[in-house]
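S.K.: Curious how this folds, go ahead:
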Amino acid sequence: MYRKAIIILSVALLAGCWDERLYKNSSVVSLAGIEGTMGEYKGYYAYPKTIDKQSQIMLIEAKGISPRDVRNNADMKVEQTLDLSELATLLISIDTVKEPLYDLLDIYFRDPQNPISIKVALTEGSVKPFVELTKEVTDNAGGYYERFINIFGVIKQC
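M.R.: Below is the predicted model of the structure:
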């Protein structure tokens, strides 16, 4: 009798939405950029925010000694939590990839909630102008570069 009650109670408690993540509590980042070297990294995060019933791209800039430190510092600058589950494009300065690339990509691909289909692009010079460009272009900053990379990939194959 007690076993049946425990099983029924367990099933009822496990059937809920305990892993629910509300977008109202998150700033959903679709474009990220990183530049610098170990000890002096700088990161940029672009996410949409609704202001006066219009969607605008907000940019967060943060510094840190590692890519994870940059992300944590950027997270402290926004009211909500930075959510990289919709990350479409990661921009990396070409000077930055002279160091081990694994250290940069680790924080973006280790989290199981982040997509593994992120497009990675290298930029000449600073990443900042490329991130700022999307502020004027669209409300989906990462999607802009993702489409650009997909088109470029098709042209390259022809």
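
S.K.: mind checking how far the nearest residue to residue 134 once chain neighbours are set aside is from residue 26?
M.R.: Counting by CB to CB, 6 or more residues apart in numbering, residue 134 lies nearest to residue 141, which is 3.7 Å off, once chain neighbours are set aside. Where C-beta positions appear, they are placed from N, C-alpha and C, glycine not excepted. Separation of residue 141 from residue 26 (CB to CB, to the nearest Å) stands at 16 Å.

S.K.: quick one, what contacts the closest residue in space to residue 41 that isn't next to it in sequence?
M.R.: Excluding its sequence neighbours, the residue lying closest to residue 41 (CB to CB, 6+ apart) is residue 70, at 4.9 Å. Shown in contact with residue 70 (CB atoms under 8 Å, 6 or more residues apart in numbering): 34, 41-43, 62-64.

S.K.: switch to 10 Å and redo it
M.R.: 32, 34-36, 41-45, 61-64, 107 (CB atoms under 10 Å, 6 or more residues apart in numbering).

S.K.: Name the member of those residues that has the highest neighbour count.
M.R.: Counting neighbours by other CB atoms under 10 Å, residue 32 comes out on top of these with 30 neighbours.

S.K.: pLDDT (mean, whole number) over the host helix or strand of that residue?
M.R.: Assessed by DSSP states H and E, residue 32 sits inside strand 31-35. For strand 31-35, the mean pLDDT works out to 92.

S.K.: helices or strands next to it in the packing?
M.R.: Helices and strands touching strand 31-35, by 3 or more CB pairs under 10 Å, 6 or more residues apart in numbering; DSSP states H and E, are strand 41-51, strand 54-64, helix 67-75, strand 89-93, helix 101-109, strand 119-123, helix 128-137, helix 141-157.

S.K.: And the fourth one, how far out from the chain middle?
M.R.: Just to be clear, that refers to strand 89-93. From the chain centre to the centre of strand 89-93 is a distance of 11 Å (CA atoms, centre = their mean, to the nearest Å).

S.K.: Identify all contacting residues around that strand.
M.R.: Residues contacting strand 89-93 (CB under 10 Å, 6+ apart): 30-37, 42, 44, 46, 84, 101, 104-105, 108-109, 118-128, 130-131, 134, 141-149.

S.K.: what does the fifth one give?
M.R.: Surrounding helix 101-109, the residues in contact under the criterion CB under 10 Å, 6+ apart are 32, 34-36, 38, 41, 43, 66-72, 84, 87, 90, 92, 96-97, 100, 114-116, 118, 120.
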